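> The amino acid sequence is not available; the structure is as follows:
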């Protein structure tokens with residue numbers, strides 16, 4: 001194939017198709033047509049494509065689990081038009097379009113027709129919903145590469161759930177919720193510790209709502225792969241930054257959420273996971289993190305004495321919070337405020353308190369564990 005009188009080869013392996021058939025087809029079509037000009041535009045959502053697009057030859061498409069088209073590429077004269085259709089129920093319902101052509105005139109002509117045929121994009125956003133990017137790794141050429149799935153999530157206001165946190169952490173959480181883009185410190189690592197059921201995940205959801213104007217949210221599903229592979233980690237963080245840039249024009253901050261990842265910050269993390277902890281600290285306030293608008297939030301059930309001194313030392317964390325159980329008096333007041341009896345559960349986490357006021361118990365067939373040994 002010739003491009004500007006220079007030859008080049010386009011080599012495709014079988015696993016390129018297995019990992020992403022659609023992307024491979026688009027890449028082959030772009031290389032075959034040797035296009036030189038492109039555009040990107042966003043439009044409002046409509047359930048069926050206009051005739052001007054529907055009559056174009058379909059080259060490849062990608063479907064979701066319900067059989068609906070999420071991406072497709074169509075021939076447009078000598079060029080290509082690629083569409084991405086987002087149908088999220090309450091935040092973004094839109095059509096993104098990319099055009100690839102030989103001349104500027106063809107590019108401008110196609111864009112003009114699309115503007116006439118598709119509705120303008122709306123910026124309407126529901127206050128109780130945020131967009132969360134879930135990242136996981138896929139093995140491509142022997143390396144972990146990040147893949148993103150974007151989902152919407154309902155989130156509460158902080159003042160709707162602040163009573164679910166004991167006084168010991170409520171004030172510190174409120175300060176964290178009030179942080180703004182301008183008040184982010186040099187250190188951009190947050191560590192939230194507490195027993196299961198103390199409300200860490202709900203606090204994350206409230207944080208998303210409070211920070212949504214200046215931050216995007218990225219949940220790493222496979223934290224072990226994230227910490228064990230430098231290539232996967234750096235690629236994911238780079239793509240997270242690109243997502244923040246592409247979605248809002250001006251670049252927002254990106255919050256990387258690593259739930260139940262305390263093992264990577266434990267005393268023996270270096271022995272078990274090599275340089276995982278060092279990489280994290282370097283990204284949060286070291287050389288790797290300079291110039292990047294990245295923050296990290298780690299939640300863990302580990303106790304403070306089991307965590308590495310480098311991560312809990314004074315000044316390291318933007319927010320180092322412990323989520324305790326309710327005191328007896330706080331738990332009794334919480335139950336009485338909901339019209340429940342004053343009989344306290346054995347444990348006083350917020351999940352235990354909610355279980356105590358629930359109209360029906362959980363369904364279980366758990367047999368009590370019979371322990372052998374001496375009885376004290």
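Nice, I can see it. Predicted model only: the values in this text are computed from it and were never measured.
> Only C-alpha atoms from now on, for both contacts and neighbour counts.
Fine.
> what are the ranges of the helices in the stretch 51-200 of the chain?
Secondary structure of the stretch 51-200 of the chain (DSSP state H, counting those that start in this stretch): helices at 51-54, 104-117, 158-161, 167-177, 200-211.
> Just name the most buried of those helices.
Scoring these by mean neighbour count under mean count of other CA atoms under 10 Å gives helix 200-211 as the most buried, with a mean of 20.
> same question for the following helix or strand past that one, mean pLDDT?
Helices and strands here follow DSSP states H and E; after helix 200-211, the next one along the chain is strand 215-220. Over the span of strand 215-220, the pLDDT mean works out to 92.
> The stretch 201-350 of the chain: helices as residue ranges?
223-228, 230-248, 269-273, 276-285, 309-312, 328-337, 350-357.
> pLDDT averaged over the fourth one, what's the number?
So that's helix 276-285. 70.
> which regions of the stretch 101-250 of the chain lie under the pLDDT threshold?
In the prediction, the stretch 101-250 of the chain carries residues with pLDDT under 70 at positions 122-127, 141, 143-144, 185-187, 244-250.
> Export the helices of the stretch 201-350 of the chain as TSV, with columns for distance to residue 299 and mean neighbour count.
Shown next, in TSV, are the helices of the stretch 201-350 of the chain (distance: least, CA to CA, whole Å; neighbours: other CA atoms under 10 Å):
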stretch	distance to residue 299	mean neighbour count
helix 223-228	12	19
helix 230-248	18	17
helix 269-273	15	14
helix 276-285	14	20
helix 309-312	13	16
helix 328-337	23	16
helix 350-357	17	17
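> got TSV for those, with distance to residue 171 too?
Compiled in TSV, the helices of the stretch 201-350 of the chain are given as follows (distance: least, CA to CA, whole Å):
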stretch	distance to residue 171
helix 223-228	29
helix 230-248	30
helix 269-273	31
helix 276-285	24
helix 309-312	20
helix 328-337	15
helix 350-357	17
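> Select, out of these, the one closest to residue 188.
Residue 188 lies closest to helix 276-285 among the helices of the stretch 201-350 of the chain, at 5.2 Å (CA to CA).
> tell me the centre residue of the protein?
The structure's the chain has its C-alpha centroid closest to residue 218; by CA atoms, centre = their mean the separation is 2.2 Å.
> Surely it and residue 239 touch.
No: under the criterion of CA atoms under 8 Å, residue 218 makes no contact with residue 239, lying 10.4 Å away.
> Any chance of the backbone angles for residue 68?
phi -90, psi 150 (degrees, to the nearest 10).
> between the helices of the stretch 201-350 of the chain, which one is nearest to residue 87?
Proximity to residue 87 (CA to CA) singles out helix 230-248 among those, at 15.4 Å.
> Packing partners of the closest one?
Taking 3 or more CA pairs under 8 Å, 6 or more residues apart in numbering; DSSP states H and E as contact, the helices and strands that helix 230-248 lies on are strand 143-154, strand 215-220, helix 223-228, strand 253-258.
> Mind listing the strands the last one pairs with, and their directions?
The reference is to strand 253-258. strand 215-220 (parallel), strand 294-300 (parallel) (DSSP bridges).
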